[in-house]
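*Asks:* pasting the sequence and the predicted coordinates here, then a few questions.
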Amino acid sequence: MSKGIRNILLATAFAALLIPARAVDPAKVPARYKWDLTVIYPNDAAWKQAKEALEAKSAGIEKFKGTLGSSAKQLKAGLDFFFSVQEELSRLGAYASQKSDLNVGDASAMEMRQAMGPLEAEISAKMAWVNPEILLIPDKKIAAFLKEEPGLGIYKPVLDDIIRMKPHTLSPDGEKLMADATLMKDTPEMVYTLFSDAEIPRASVVLSNGETVKLDAAAYTNYRGSSNRWDREHVFSAFFGNLDQFRGTFGAMLNGECKKDWFNAKARGYKSCLASALAKPNIPVEVYANLLKNVHKNLPTLYRYLKLRQRMMNLPDLRYSDLYASVVKEVDATYTPEQAEDLVLKALAPLGDDYVKTLKAGYDDRWVDLYPYDGKHSGAYSNCAAYGVHPFMLLNFNGTYEDVSTLAHESGHSMHSYYSNETQPFPTCDYTIFVAEVASTFNENLLNHYMLEHTSDDAMKLFLLGSYVDNIRQTLFRQAQFAEFELKIHELTEKGEPLTGDRLNEVYKNILDEYYGTKQGITVIDPVCYSEWAYIPHFYYNFYVFTYATSITASTALSQMVIEGKPGAVEHYRKFLTLGNSMPPIEELKVAGVDLTTDAPFDTTIKAMNGAMDQMEAILDRMQKKK
Ligand SMILES: [Zn+2]
């Protein structure tokens, strides 16, 4: 590994670098760094055979109709059959999508992938009667069935989940009406996407070098982090000034979205839009309130960060448009795949020998398709849809530190899947979205910590600490800022207040003032930025954005407990990795060692953020003295 610093500025510490992956020739890549998909199906012909067999088998779903409540044995037979269909479907999908991700130009793989959509739709249509029929079985009878037939036990979480939704399930007529109403439900989001991605007239800005830039969303993300202050200020005011001109139109769209959510909540008997949105993922409403309460309590730590940023950028005042420019220089270190694996394995050593051995064996066993090729899917992911096989990681490794961190991240997902699949039967193996990013960011934190412990280079330390702190700032504080706005506008809707563009600007302004300490003189915000809400597509995702903030809090608190050697921390976390979706997500996190309905995980996370800032300030003081 070569160390040293180059003067390239990071757009933001965690945004993907806009350097295209250098393609390599797949023929020259050692097999160890390439997936072996034959462990899913030996070849395409076997895949096609399995697909035809599944199509034939799925005709049998119908045979159980009207019988599920007849006996415990029959209910088990039905569930066994339905889940065996799902398992094969998932395996077929894994092979097809992974094969085509390796080469988008592979026409036969693309054909297989495209065949999955209709097959999935067909099977889901064939199963549409199942949940309603289970809902008709009285709760007491299901409880008796579970006692009578021990084999039903593996389906208990699934049955509990169906029963949980019972009070909010309507009569068949009511459900029909709700299903018909979905014809209109996508309209606000569709209009938003069409308008903001395509039809809105774009503002142009002339940069300090004389270049004229048309500010679509991609150009805005590119230039907002410019190292030239004049440029980024002008980019901000042109981009948001343009959105602001259309705030009435954007407001009408968001008003439509909130009204739709309120209609759904009322129709199903929920007290609020929030309660309705959190019902399906089974998250208690208090988790949301607790997040906002704790973020408010800890705003002084955000103010401290903002002041540190101002100091590092050497600015007379800090503007909202200064938040994307880099404050830390990227580390010019390059790593070979062997070094990357070695670093990740060493960093994860606190999780125990068998964790490290299993992951190492996974690397040897071709879990990772490492290099970028022409036609390969960009970015990185982990896929574990082939139950009983093993997880697969897709990377586009170029040897940067970011790439090492991505390997740690995807290894976190894969090991979570590995242990859940090993422990859980298929019906409960798949962990939910609410906990999905915990194991991945947990591993990033352990890597960051290991690197800090093993370098004496101040610039490298500043880079690692800066990335760590900025990640908490963007993922905890900024996402909570959005979550608070989303809650406020839904509450206004519930009170019957119309959301106009002006009203939305006012709500957003009040949140910005608090989060960025404008009254205390911490940040200066140009009024055009009050329309930033119009730029955020997540407000059409029905209370999704807060999960970024809760995930980073859970993973930071959990990794701190492991780093600090808290008794039981490793065992509890390892237990969490085995749970799949066998428990409600908040309960699973309690097993891991964090209770998101309390202050504790937030206190730990904020303490870690302050600790990192203490170290950064000490390094800066040292550097200043040397000058
Ligand atoms: Zn991830």
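*Replies:* Perfect, thanks for sending it.
*Asks:* show me what contacts the nearest residue to residue 258 once chain neighbours are set aside?
*Replies:* Closest residue to residue 258 apart from its sequence neighbours, by CB to CB, 6 or more residues apart in numbering: residue 493 at 4.0 Å. In short, each C-beta sits where N, CA and C put it, glycine included. Going by CB atoms under 8 Å, 6 or more residues apart in numbering, residue 493 touches 255, 258, 259, 261, 262, 273, 499.
*Asks:* give me the neighbour count for the third one.
*Replies:* For residue 259, the number of neighbouring residues by other CB atoms under 10 Å comes to 16.
*Asks:* one more: the first one?
*Replies:* By other CB under 10 Å, 21 other residues sit near residue 255.
*Asks:* same deal with the last one?
*Replies:* For residue 499, the tally of surrounding residues (other CB under 10 Å) stands at 22.
*Asks:* that one contacts residue 255, correct?
*Replies:* Yes. With contact defined as CB atoms under 8 Å, residue 499 counts as touching residue 255 (4.1 Å).
*Asks:* could you dump stretch 95-109 to PDB, C-alpha only?
*Replies:* The C-alpha trace of stretch 95-109 is given here as PDB (Å, rounded to 0.1, in the frame of the first residue of the first chain):
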ATOM      1  CA  TYR A  95     -29.400 -16.600 -11.300                       C
ATOM      2  CA  ALA A  96     -31.000 -14.600 -14.000                       C
ATOM      3  CA  SER A  97     -30.400 -11.100 -12.500                       C
ATOM      4  CA  GLN A  98     -26.800 -11.900 -11.500                       C
ATOM      5  CA  LYS A  99     -25.900 -13.500 -14.800                       C
ATOM      6  CA  SER A 100     -27.200 -10.400 -16.700                       C
ATOM      7  CA  ASP A 101     -25.500  -8.100 -14.300                       C
ATOM      8  CA  LEU A 102     -22.100  -9.500 -15.300                       C
ATOM      9  CA  ASN A 103     -22.700  -8.500 -18.900                       C
ATOM     10  CA  VAL A 104     -25.700  -6.400 -20.000                       C
ATOM     11  CA  GLY A 105     -24.800  -7.400 -23.500                       C
ATOM     12  CA  ASP A 106     -25.500 -11.000 -22.900                       C
ATOM     13  CA  ALA A 107     -28.800 -11.400 -24.800                       C
ATOM     14  CA  SER A 108     -29.700 -14.800 -23.400                       C
ATOM     15  CA  ALA A 109     -29.200 -13.700 -19.800                       C
END
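*Asks:* can you list the buried residues in it?
*Replies:* Across stretch 95-109, burial judged by 16 or more other CB atoms under 10 Å covers 95, 96, 97, 98, 99, 100, 101, 102, 103, 109.
*Asks:* please, which helix or strand holds the fifth one?
*Replies:* Using DSSP states H and E, the element containing residue 99 is helix 72-102.
*Asks:* can you check the last one too?
*Replies:* Under the criterion of DSSP H and E, residue 109 resides in helix 107-126.
*Asks:* just after that helix, pick out the following helix or strand.
*Replies:* Assigned by DSSP H and E, the successor of helix 107-126 is helix 130-136.
*Asks:* buried set for the following helix or strand past that next one?
*Replies:* Next helix or strand after helix 130-136 toward the C-terminus (DSSP H and E): helix 139-148. For helix 139-148, burial by neighbour count (16+ other CB under 10 Å) applies to 142, 145, 146.
*Asks:* could you dump those to CSV with pLDDT and distance to residue 279?
*Replies:* Shown next, in CSV, are these (pLDDT from 0 to 100; distance: CB to CB, whole Å):
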residue, pLDDT, distance to residue 279
142, 97, 20
145, 98, 25
146, 97, 23
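*Asks:* what is the rounded mean pLDDT of stretch 445-461?
*Replies:* For stretch 445-461, mean pLDDT rounds to 95.
*Asks:* for stretch 219-226, same thing?
*Replies:* Per-residue pLDDT over stretch 219-226 has a mean of 91.
*Asks:* list the buried ones in that stretch?
*Replies:* In stretch 219-226, counting by 16+ other CB under 10 Å, buried: 219, 220, 223, 224, 225, 226.
*Asks:* want to throw those into a markdown table with secondary structure and distance to residue 315?
*Replies:* Output for the buried residues of stretch 219-226, formatted as a markdown table (DSSP: H, G, I helix; E, B strand; the rest coil; distance: CB to CB, whole Å):
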| residue | secondary structure | distance to residue 315 |
| --- | --- | --- |
| 219 | helix | 24 |
| 220 | helix | 21 |
| 223 | helix | 18 |
| 224 | coil | 16 |
| 225 | coil | 15 |
| 226 | coil | 14 |
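*Asks:* from the residues you listed, pick the one nearest residue 240.
*Replies:* residue 220 (9.0 Å; CB to CB).
*Asks:* now name the helix or strand holding the nearest residue to that closest one once chain neighbours are set aside.
*Replies:* Distance criterion CB to CB, 6+ apart; nearest residue to residue 220, sequence neighbours excluded, is residue 239 at 4.7 Å. Per DSSP H and E, residue 239 falls inside helix 229-245.
*Asks:* next helix or strand past that helix?
*Replies:* The helix or strand immediately downstream of helix 229-245 is helix 247-267, counting by DSSP H and E.
*Asks:* ok, then the element right after that following helix?
*Replies:* Of the helices and strands lying after helix 247-267 in sequence (DSSP H and E), the nearest is helix 273-279.
*Asks:* in the helix or strand just after that following helix, what's buried?
*Replies:* For helix 273-279, the succeeding helix or strand toward the C-terminus, using DSSP H and E, is helix 285-297. Using 16+ other CB under 10 Å as the test for burial, helix 285-297 gives 287, 288, 290, 291, 292, 294, 295.
*Asks:* out of those, which is nearest to residue 417?
*Replies:* Distances from residue 417 to those, taken by CB to CB, are shortest for residue 287, at 24.2 Å.
*Asks:* double-check that closest one against residue 586; I have them as touching.
*Replies:* Yes. Using CB under 8 Å as the test, residue 287 is close enough to residue 586 to be in contact (6.4 Å).
*Asks:* format the buried residues of helix 139-148 as CSV; extra columns: distance to residue 302.
*Replies:* As requested, the buried residues of helix 139-148 are arranged in CSV below (distance: CB to CB, whole Å):
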residue, distance to residue 302
142, 48
145, 52
146, 48
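*Asks:* relative to residue 235, which of the residues you listed is nearest.
*Replies:* Nearest to residue 235 out of the buried residues of helix 139-148 is residue 142 (CB to CB; 58.8 Å).
*Asks:* hmm, the closest one is touching residue 160, no?
*Replies:* No. Using CB under 8 Å, residue 142 makes no contact with residue 160, being 9.2 Å away.
*Asks:* and for these two, which residues touch both?
*Replies:* By CB under 8 Å, 6+ apart, residue 142 and residue 160 have no common neighbours.
*Asks:* give me the phi and psi for the nearest residue to residue 312 once chain neighbours are set aside.
*Replies:* Nearest residue to residue 312, sequence neighbours excluded (CB to CB, 6+ apart): residue 327, at 4.2 Å. Backbone geometry at residue 327, expressed as degrees, to the nearest 10, gives phi -110, psi -20.
*Asks:* how many neighbouring residues does residue 327 have?
*Replies:* A total of 22 residues lie near residue 327 under the criterion other CB under 10 Å.
*Asks:* likewise for residue 70?
*Replies:* Counted with other CB under 10 Å, residue 70 comes out at 12.
*Asks:* what do you get for residue 302?
*Replies:* 24.
*Asks:* how about the contacts made by it?
*Replies:* Residue 302 sits next to 473, 477, 515, 516, 517 when contact means CB under 8 Å, 6+ apart.
*Asks:* how about a cut-off of 10 Å?
*Replies:* Residue 302 makes contacts with 295, 472-473, 476-478, 480-481, 515-517, 522-523, 606, 609, as judged by CB atoms under 10 Å, 6 or more residues apart in numbering.
*Asks:* tell me, what residue is most central in the chain?
*Replies:* Note on the chain: the residue nearest the mean C-alpha position is residue 437, at 5.6 Å, using CA atoms, centre = their mean.
*Asks:* which parts of the chain are strands?
*Replies:* Counting by DSSP state E, the chain has strands at residues 5-9, 204-206, 212-214, 329-331, 368-369, 381-383, 392-394.
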